[in-house]
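In: need a structure here:
(one chain, ligands or ions: 1)
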Amino acid sequence: MIRAYGLTKRYGEKTVVQDLTFTVRPGTVTGFLGPNGAGKSTTMRMLLGLDAPTSGRATIGDRCYAAHPAPLCAAGALLEARSIHPGRSARGHLLALAHTHGIPRRQVTAVIERVGLGEAADRRVKGFSLGMGQRLGIAAALLADPATVILDEPVNGLDPEGVRWIRNLLKSLAAEGRTVFVSSHLMSEMALTAEHLVIIGRGRLLADTTVERFVRDAGLGVIKVVTPEAGRLRELLAGPGVDIAGDGPDTLRIGGSDGERIGRTAAAHSIPVFELTPHSASLEEAFMDLTRDAVEYPAHSEAPATAHGAAA
Ligand SMILES: Nc1ncnc2c1ncn2[C@@H]1O[C@H](COP(=O)(O)OP(=O)(O)OP(=O)(O)O)[C@@H](O)[C@H]1O
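Out: Residues are numbered from 1 along each chain as shown. Below is the predicted model:
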(Lines give C-alpha, C1' and ligand atoms only; values in the text may rest on other atoms or scores of the structure.)
Protein backbone atom coordinates (compact mmCIF):
# COMPACT_ATOMS: atom_id res chain seq x y z
CA MET A 1 0.00 0.00 0.00
CA ILE A 2 1.27 3.46 -0.92
CA ARG A 3 -0.05 6.54 0.85
CA ALA A 4 0.68 10.16 0.00
CA TYR A 5 -0.40 12.82 2.46
CA GLY A 6 -0.36 16.41 1.22
CA LEU A 7 2.78 15.81 -0.83
CA THR A 8 4.18 19.10 -2.09
CA LYS A 9 7.37 19.93 -3.97
CA ARG A 10 8.61 23.37 -4.87
CA TYR A 11 11.63 24.23 -6.99
CA GLY A 12 12.35 27.88 -6.28
CA GLU A 13 9.21 29.83 -7.12
CA LYS A 14 7.62 26.95 -8.94
CA THR A 15 5.34 24.43 -7.24
CA VAL A 16 5.57 21.24 -9.29
CA VAL A 17 3.61 18.98 -6.94
CA GLN A 18 0.88 20.50 -4.82
CA ASP A 19 -0.86 18.93 -1.86
CA LEU A 20 -1.27 15.45 -3.34
CA THR A 21 -3.16 13.01 -1.14
CA PHE A 22 -3.98 9.56 -2.48
CA THR A 23 -3.78 5.85 -1.66
CA VAL A 24 -2.58 3.07 -3.94
CA ARG A 25 -3.97 -0.30 -2.90
CA PRO A 26 -2.54 -3.80 -3.31
CA GLY A 27 -3.98 -6.33 -5.71
CA THR A 28 -4.74 -3.95 -8.57
CA VAL A 29 -2.77 -1.95 -11.09
CA THR A 30 -3.08 1.78 -10.41
CA GLY A 31 -2.27 4.06 -13.32
CA PHE A 32 -0.66 7.41 -12.54
CA LEU A 33 -1.66 9.71 -15.37
CA GLY A 34 -0.97 13.27 -16.35
CA PRO A 35 0.31 15.29 -19.28
CA ASN A 36 4.04 15.90 -19.72
CA GLY A 37 5.45 17.91 -16.86
CA ALA A 38 2.45 17.19 -14.58
CA GLY A 39 4.72 16.06 -11.76
CA LYS A 40 4.48 12.26 -12.05
CA SER A 41 8.21 11.54 -11.91
CA THR A 42 8.72 14.05 -9.10
CA THR A 43 5.94 12.38 -7.10
CA MET A 44 7.41 8.92 -7.67
CA ARG A 45 10.83 10.17 -6.63
CA MET A 46 9.33 11.52 -3.41
CA LEU A 47 7.59 8.19 -2.73
CA LEU A 48 10.98 6.53 -3.00
CA GLY A 49 12.83 9.08 -0.89
CA LEU A 50 14.93 10.27 -3.85
CA ASP A 51 13.52 13.81 -3.61
CA ALA A 52 12.59 15.36 -0.28
CA PRO A 53 9.07 16.81 -0.22
CA THR A 54 8.81 20.51 0.60
CA SER A 55 5.87 19.45 2.78
CA GLY A 56 3.69 16.41 3.27
CA ARG A 57 4.85 12.83 3.42
CA ALA A 58 4.52 9.44 1.80
CA THR A 59 4.57 5.90 3.11
CA ILE A 60 5.06 2.54 1.47
CA GLY A 61 3.67 -0.27 3.59
CA ASP A 62 3.66 1.14 7.07
CA ARG A 63 6.53 3.63 6.88
CA CYS A 64 8.58 5.97 4.72
CA TYR A 65 10.57 4.13 2.07
CA ALA A 66 13.92 5.13 3.51
CA ALA A 67 12.90 3.93 6.99
CA HIS A 68 12.46 0.32 5.84
CA PRO A 69 15.20 -2.00 7.10
CA ALA A 70 15.35 -3.52 3.59
CA PRO A 71 13.89 -0.88 1.23
CA LEU A 72 14.30 -3.02 -1.91
CA CYS A 73 11.97 -5.62 -0.38
CA ALA A 74 9.39 -2.94 0.37
CA ALA A 75 9.36 -1.45 -3.13
CA GLY A 76 11.07 -2.13 -6.41
CA ALA A 77 11.19 0.75 -8.87
CA LEU A 78 11.95 1.50 -12.48
CA LEU A 79 12.51 5.21 -12.92
CA GLU A 80 13.17 6.98 -16.19
CA ALA A 81 16.87 7.60 -15.73
CA ARG A 82 18.76 4.36 -15.37
CA SER A 83 22.46 3.89 -15.15
CA ILE A 84 23.68 0.42 -15.92
CA HIS A 85 27.34 -0.24 -16.59
CA PRO A 86 27.33 -0.85 -20.38
CA GLY A 87 30.18 -3.39 -20.21
CA ARG A 88 28.31 -5.61 -17.76
CA SER A 89 26.00 -8.44 -18.71
CA ALA A 90 22.39 -8.38 -17.55
CA ARG A 91 23.13 -11.25 -15.18
CA GLY A 92 26.28 -9.49 -13.90
CA HIS A 93 24.30 -6.32 -13.24
CA LEU A 94 21.58 -8.20 -11.35
CA LEU A 95 24.10 -10.33 -9.43
CA ALA A 96 25.94 -7.19 -8.28
CA LEU A 97 22.64 -5.67 -7.12
CA ALA A 98 21.64 -8.92 -5.42
CA HIS A 99 24.99 -9.14 -3.67
CA THR A 100 24.62 -5.72 -2.06
CA HIS A 101 21.24 -6.74 -0.64
CA GLY A 102 21.96 -10.32 0.39
CA ILE A 103 19.57 -11.68 -2.25
CA PRO A 104 20.24 -15.31 -3.25
CA ARG A 105 21.56 -16.12 -6.73
CA ARG A 106 18.52 -18.23 -7.60
CA GLN A 107 16.38 -15.10 -7.33
CA VAL A 108 18.52 -13.52 -10.09
CA THR A 109 17.83 -16.51 -12.32
CA ALA A 110 14.12 -16.31 -11.46
CA VAL A 111 13.73 -12.64 -12.42
CA ILE A 112 15.76 -13.11 -15.61
CA GLU A 113 13.32 -15.84 -16.64
CA ARG A 114 10.30 -13.81 -15.56
CA VAL A 115 11.19 -10.86 -17.78
CA GLY A 116 12.13 -13.10 -20.71
CA LEU A 117 15.82 -12.22 -20.80
CA GLY A 118 17.00 -15.83 -20.48
CA GLU A 119 18.85 -15.94 -23.80
CA ALA A 120 20.34 -12.46 -23.53
CA ALA A 121 21.29 -12.65 -19.86
CA ASP A 122 25.00 -13.11 -20.51
CA ARG A 123 25.32 -10.50 -23.26
CA ARG A 124 26.71 -7.04 -22.56
CA VAL A 125 24.08 -4.46 -21.75
CA LYS A 126 25.53 -1.98 -24.25
CA GLY A 127 24.15 -4.09 -27.11
CA PHE A 128 20.64 -4.15 -25.66
CA SER A 129 17.63 -2.72 -27.48
CA LEU A 130 15.36 -0.27 -25.67
CA GLY A 131 12.91 -3.08 -24.95
CA MET A 132 15.62 -5.34 -23.50
CA GLY A 133 16.84 -2.45 -21.36
CA GLN A 134 13.30 -1.98 -20.02
CA ARG A 135 13.08 -5.69 -19.24
CA LEU A 136 16.38 -5.51 -17.38
CA GLY A 137 15.19 -2.46 -15.42
CA ILE A 138 12.04 -4.33 -14.47
CA ALA A 139 14.07 -7.39 -13.48
CA ALA A 140 16.07 -5.17 -11.12
CA ALA A 141 12.84 -3.75 -9.68
CA LEU A 142 11.53 -7.27 -9.01
CA LEU A 143 14.80 -8.68 -7.68
CA ALA A 144 13.94 -8.49 -3.98
CA ASP A 145 10.40 -9.82 -4.54
CA PRO A 146 8.93 -6.48 -3.39
CA ALA A 147 5.38 -6.01 -2.12
CA THR A 148 5.16 -2.73 -4.05
CA VAL A 149 6.28 -2.02 -7.60
CA ILE A 150 6.65 1.55 -8.92
CA LEU A 151 7.32 2.00 -12.63
CA ASP A 152 7.76 5.35 -14.37
CA GLU A 153 6.58 5.27 -18.00
CA PRO A 154 7.61 1.63 -18.58
CA VAL A 155 6.07 1.44 -22.06
CA ASN A 156 7.79 4.55 -23.42
CA GLY A 157 9.39 3.77 -26.77
CA LEU A 158 8.36 0.11 -26.82
CA ASP A 159 6.94 -1.70 -29.82
CA PRO A 160 3.41 -3.18 -29.61
CA GLU A 161 4.72 -6.58 -28.50
CA GLY A 162 6.73 -4.93 -25.70
CA VAL A 163 3.72 -2.86 -24.66
CA ARG A 164 1.55 -5.98 -24.48
CA TRP A 165 4.19 -7.82 -22.52
CA ILE A 166 4.40 -5.06 -19.90
CA ARG A 167 0.61 -4.89 -19.70
CA ASN A 168 0.38 -8.61 -18.90
CA LEU A 169 3.30 -8.47 -16.48
CA LEU A 170 1.72 -5.61 -14.51
CA LYS A 171 -1.57 -7.48 -14.28
CA SER A 172 0.15 -10.64 -13.07
CA LEU A 173 2.12 -8.69 -10.44
CA ALA A 174 -1.14 -7.22 -9.15
CA ALA A 175 -2.81 -10.65 -9.21
CA GLU A 176 -0.04 -11.84 -6.88
CA GLY A 177 -1.30 -9.27 -4.39
CA ARG A 178 1.36 -6.61 -4.98
CA THR A 179 0.75 -2.89 -5.05
CA VAL A 180 1.47 -1.78 -8.62
CA PHE A 181 1.78 1.94 -9.37
CA VAL A 182 2.65 2.82 -12.94
CA SER A 183 2.87 6.20 -14.63
CA SER A 184 1.96 7.04 -18.19
CA HIS A 185 0.74 9.96 -20.23
CA LEU A 186 -1.33 7.64 -22.43
CA MET A 187 -4.89 7.20 -21.22
CA SER A 188 -5.72 4.56 -23.82
CA GLU A 189 -2.88 2.34 -22.66
CA MET A 190 -3.71 2.75 -19.00
CA ALA A 191 -7.36 1.94 -19.62
CA LEU A 192 -6.25 -1.49 -20.86
CA THR A 193 -3.84 -2.09 -18.00
CA ALA A 194 -5.09 -0.39 -14.86
CA GLU A 195 -8.22 -0.77 -12.78
CA HIS A 196 -7.66 2.38 -10.79
CA LEU A 197 -6.43 5.81 -11.90
CA VAL A 198 -4.76 8.70 -10.10
CA ILE A 199 -4.75 11.64 -12.54
CA ILE A 200 -2.75 14.82 -11.97
CA GLY A 201 -2.20 18.04 -13.87
CA ARG A 202 0.27 20.76 -12.96
CA GLY A 203 1.04 18.87 -9.77
CA ARG A 204 -2.57 18.84 -8.54
CA LEU A 205 -4.90 15.88 -8.11
CA LEU A 206 -7.56 15.95 -10.85
CA ALA A 207 -9.13 12.53 -10.33
CA ASP A 208 -8.76 9.47 -8.13
CA THR A 209 -11.15 6.97 -9.62
CA THR A 210 -11.65 3.58 -11.22
CA VAL A 211 -11.25 3.14 -14.97
CA GLU A 212 -14.86 1.97 -15.06
CA ARG A 213 -16.11 5.15 -13.40
CA PHE A 214 -13.87 7.35 -15.55
CA VAL A 215 -15.35 5.77 -18.67
CA ARG A 216 -18.89 6.12 -17.31
CA ASP A 217 -18.42 9.71 -16.22
CA ALA A 218 -16.92 10.56 -19.60
CA GLY A 219 -20.17 9.40 -21.16
CA LEU A 220 -18.47 6.81 -23.34
CA GLY A 221 -20.59 3.94 -24.56
CA VAL A 222 -23.63 6.19 -24.33
CA ILE A 223 -26.10 6.40 -27.21
CA LYS A 224 -28.09 9.52 -27.92
CA VAL A 225 -31.68 8.90 -29.11
CA VAL A 226 -34.05 11.58 -30.33
CA THR A 227 -37.70 10.52 -30.45
CA PRO A 228 -41.04 12.25 -29.88
CA GLU A 229 -41.99 9.30 -27.62
CA ALA A 230 -39.02 9.47 -25.26
CA GLY A 231 -41.04 8.50 -22.19
CA ARG A 232 -42.45 5.32 -23.79
CA LEU A 233 -39.11 4.23 -25.24
CA ARG A 234 -37.49 4.81 -21.88
CA GLU A 235 -39.97 2.46 -20.18
CA LEU A 236 -39.46 -0.21 -22.82
CA LEU A 237 -35.67 -0.11 -22.58
CA ALA A 238 -35.38 0.12 -18.79
CA GLY A 239 -33.77 -2.90 -17.16
CA PRO A 240 -30.82 -4.08 -15.15
CA GLY A 241 -27.54 -2.51 -16.27
CA VAL A 242 -29.28 0.00 -18.56
CA ASP A 243 -28.72 3.59 -17.57
CA ILE A 244 -31.10 6.12 -19.16
CA ALA A 245 -30.96 9.87 -18.68
CA GLY A 246 -33.35 12.38 -20.18
CA ASP A 247 -31.85 15.33 -22.00
CA GLY A 248 -34.76 17.56 -22.99
CA PRO A 249 -38.31 16.33 -23.74
CA ASP A 250 -37.42 14.22 -26.78
CA THR A 251 -33.80 13.19 -26.18
CA LEU A 252 -32.46 10.21 -24.23
CA ARG A 253 -28.87 9.29 -23.38
CA ILE A 254 -28.72 5.55 -22.96
CA GLY A 255 -25.82 3.63 -21.45
CA GLY A 256 -25.51 -0.14 -21.08
CA SER A 257 -27.40 -0.93 -24.31
CA ASP A 258 -26.59 -0.88 -28.01
CA GLY A 259 -27.91 0.72 -31.17
CA GLU A 260 -29.38 -2.49 -32.54
CA ARG A 261 -31.42 -3.23 -29.44
CA ILE A 262 -32.66 0.33 -29.18
CA GLY A 263 -33.55 0.48 -32.88
CA ARG A 264 -35.35 -2.89 -32.84
CA THR A 265 -37.29 -2.06 -29.67
CA ALA A 266 -38.42 1.24 -31.16
CA ALA A 267 -39.41 -0.42 -34.45
CA ALA A 268 -41.31 -3.24 -32.68
CA HIS A 269 -43.44 -0.63 -30.90
CA SER A 270 -43.77 1.73 -33.90
CA ILE A 271 -41.90 4.49 -32.10
CA PRO A 272 -40.39 6.95 -34.58
CA VAL A 273 -36.68 7.62 -34.06
CA PHE A 274 -35.17 10.78 -35.55
CA GLU A 275 -31.62 10.20 -34.33
CA LEU A 276 -29.60 7.28 -32.94
CA THR A 277 -25.95 8.19 -32.44
CA PRO A 278 -23.21 6.57 -30.41
CA HIS A 279 -21.16 9.00 -28.35
CA SER A 280 -18.02 9.47 -30.39
CA ALA A 281 -15.50 10.87 -27.91
CA SER A 282 -12.58 8.57 -27.22
CA LEU A 283 -11.10 7.80 -23.86
CA GLU A 284 -8.04 9.82 -24.84
CA GLU A 285 -10.26 12.82 -25.60
CA ALA A 286 -11.98 12.51 -22.23
CA PHE A 287 -8.56 12.48 -20.57
CA MET A 288 -7.47 15.50 -22.59
CA ASP A 289 -10.65 17.31 -21.60
CA LEU A 290 -9.92 16.66 -17.95
CA THR A 291 -6.31 17.80 -18.20
CA ARG A 292 -6.75 20.53 -20.83
CA ASP A 293 -6.14 23.40 -18.41
CA ALA A 294 -3.24 21.54 -16.86
CA VAL A 295 -1.08 21.05 -19.95
CA GLU A 296 2.23 22.78 -19.43
CA TYR A 297 2.96 23.64 -23.07
CA PRO A 298 -0.31 23.55 -24.99
CA ALA A 299 0.10 22.95 -28.71
CA HIS A 300 -1.44 26.31 -29.69
CA SER A 301 1.14 28.38 -27.77
CA GLU A 302 4.89 28.43 -28.09
CA ALA A 303 6.91 26.81 -25.34
CA PRO A 304 9.10 29.19 -23.39
CA ALA A 305 12.79 29.11 -24.23
CA THR A 306 13.88 27.79 -20.84
CA ALA A 307 13.06 24.26 -19.74
CA HIS A 308 11.85 25.06 -16.22
CA GLY A 309 10.54 28.57 -16.66
CA ALA A 310 7.01 27.65 -17.66
CA ALA A 311 3.67 28.91 -16.46
CA ALA A 312 2.98 28.26 -12.80
N1 LIG B 1 15.20 19.44 -10.45
C2 LIG B 1 14.27 20.25 -10.94
N3 LIG B 1 14.38 21.59 -10.88
C4 LIG B 1 13.42 22.40 -11.35
N5 LIG B 1 12.27 21.98 -11.94
C6 LIG B 1 12.10 20.66 -12.04
C7 LIG B 1 13.08 19.73 -11.55
N8 LIG B 1 12.59 18.46 -11.78
C9 LIG B 1 11.40 18.62 -12.39
N10 LIG B 1 11.11 19.93 -12.55
C11 LIG B 1 9.88 20.48 -13.17
O12 LIG B 1 8.79 19.91 -12.48
C13 LIG B 1 7.70 19.71 -13.38
C14 LIG B 1 7.23 18.29 -13.24
O15 LIG B 1 8.22 17.43 -13.81
P16 LIG B 1 8.07 15.85 -13.78
O17 LIG B 1 9.24 15.27 -14.51
O18 LIG B 1 7.82 15.39 -12.40
O19 LIG B 1 6.74 15.66 -14.64
P20 LIG B 1 6.18 14.35 -15.36
O21 LIG B 1 4.71 14.36 -15.13
O22 LIG B 1 6.93 13.15 -14.92
O23 LIG B 1 6.48 14.69 -16.86
P24 LIG B 1 6.86 13.72 -18.10
O25 LIG B 1 5.61 12.97 -18.46
O26 LIG B 1 7.23 14.73 -19.14
O27 LIG B 1 7.99 12.85 -17.66
C28 LIG B 1 8.19 20.10 -14.75
O29 LIG B 1 7.77 21.41 -15.03
C30 LIG B 1 9.69 20.04 -14.61
O31 LIG B 1 10.25 20.96 -15.51
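In: show me where the stretch 51-200 of the chain has strands.
Out: Assigned by DSSP state E, counting those that start in this stretch, the stretch 51-200 of the chain shows strands spanning 55-60, 75-78, 148-152, 179-184, 196-201.
In: mind giving me the packing neighbours of the third one?
Out: Contact analysis of strand 148-152 by 3 or more CB pairs under 8 Å, 6 or more residues apart in numbering; DSSP states H and E lists helix 40-47, strand 75-78, helix 130-142, helix 160-175, strand 179-184 as its packing neighbours. In this view, the C-beta of every residue, glycine as well, is placed from N, C-alpha and C.
In: can you do 6 Å?
Out: Contacts defined by 3 or more CB pairs under 6 Å, 6 or more residues apart in numbering; DSSP states H and E place strand 148-152 against helix 40-47, strand 75-78, strand 179-184.
In: who are the packing partners of the shortest one?
Out: Read that as strand 75-78. Applying 3+ CB pairs under 6 Å, 6+ apart, one finds that strand 75-78 contacts helix 130-142, strand 148-152.
In: now the first one
Out: Secondary structure elements in contact with helix 40-47, counted by 3+ CB pairs under 6 Å, 6+ apart, are strand 14-24, strand 148-152.
In: quick one: strands adjacent to the shortest one?
Out: Strand 148-152 pairs in its sheet with strand 75-78 (parallel), strand 179-184 (parallel), by DSSP bridges.
In: OK, now which residue of the stretch 101-250 of the chain is nearest to the ligand?
Out: Nearest residue of the stretch 101-250 of the chain to the ligand, counting by CB to the nearest ligand atom: residue 185, 5.0 Å away.
In: residues contacting the residue lying closest to residue 91 once chain neighbours are set aside?
Out: The shortest distance from residue 91 to any residue other than its chain neighbours is 4.4 Å, reached at residue 121 (CB to CB, 6 or more residues apart in numbering). Neighbouring residues of residue 121 by CB atoms under 6 Å, 6 or more residues apart in numbering: 90-91, 112.
In: reformat those as JSON lines; add neighbour count and distance to the ligand.
Out: As requested, the contacts of residue 121 are exported to JSON lines (neighbours: other CB atoms under 10 Å; distance: CB to the nearest ligand atom, whole Å):
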{"residue": "90", "neighbour count": "27", "distance to the ligand": "25"}
{"residue": "91", "neighbour count": "20", "distance to the ligand": "30"}
{"residue": "112", "neighbour count": "22", "distance to the ligand": "28"}
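In: which of those lies closest to residue 59?
Out: Distances from those to residue 59 were compared by CB to CB; the smallest belongs to residue 112, at 31.0 Å.
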